[in-house]
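Chemist: Build me a model:
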Amino acid sequence: MIDYQVQLIQFPTGKVHETVTENEDGTYTIFIDCTLSRIEQIERCKHALKHIMQRDFDTYDVDKVERIAHDFRNEISKELCPAI
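Modeler: Below you'll find the predicted structure:
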């Protein structure tokens, strides 16, 4: 089971829409842009969860990580990302 929390924030540049932090205790915090629509927020949450599930924090090839995440982004169960 993945232990995570979601925080809605406004990113300063408007170019980033979500980011994930692995916390010291092994949990994750997913930061989602609060200016996105509810549907976009849920999609961003799914995207972030895919990175967590694939252990993408252990790799250094960001382009490869993003390519894989986008290919499989719809596979995450809605149960993993409750309504924000």
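
Chemist: now the strands for the chain?
Modeler: Across the chain, reading from the start of the chain, the strands by DSSP state E fall at 4-9, 18-22, 28-33.

Chemist: where do the helices sit along the chain?
Modeler: Defined through DSSP state H, the helices belonging to the chain, from first to last, are 38-53, 62-71.

Chemist: Tell me which residues touch Gln5, please.
Modeler: With contacts taken as Cβ atoms under 8 Å, 6 or more residues apart in numbering, Gln5 has the following neighbours: 27-30. (Glycine included, C-beta is placed from N, CA and C.)

Chemist: repeat that for 7 Å
Modeler: Contact analysis of Gln5 by Cβ atoms under 7 Å, 6 or more residues apart in numbering lists Thr29.

Chemist: which stretches of this protein have low pLDDT?
Modeler: Across the chain, residues meeting the criterion (pLDDT under 70) sit at 59-84.

Chemist: ranking the strands of the chain by burial, who's on top?
Modeler: Among those, strand 28-33 has the highest mean neighbour count (mean count of other Cβ atoms under 10 Å), at a mean of 19.

Chemist: If you count contacts, what does it end up packed against?
Modeler: Contact partners of strand 28-33 among helices and strands, from 3 or more Cβ pairs under 7 Å, 6 or more residues apart in numbering; DSSP states H and E: strand 4-9, strand 18-22, helix 38-53.

Chemist: Kindly reformat the strands of the chain as a markdown table containing distance to Met53.
Modeler: Below are these laid out as a markdown table (distance: least, Cβ to Cβ, whole Å):
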| stretch | distance to Met53 |
| --- | --- |
| strand 4-9 | 11 |
| strand 18-22 | 11 |
| strand 28-33 | 10 |
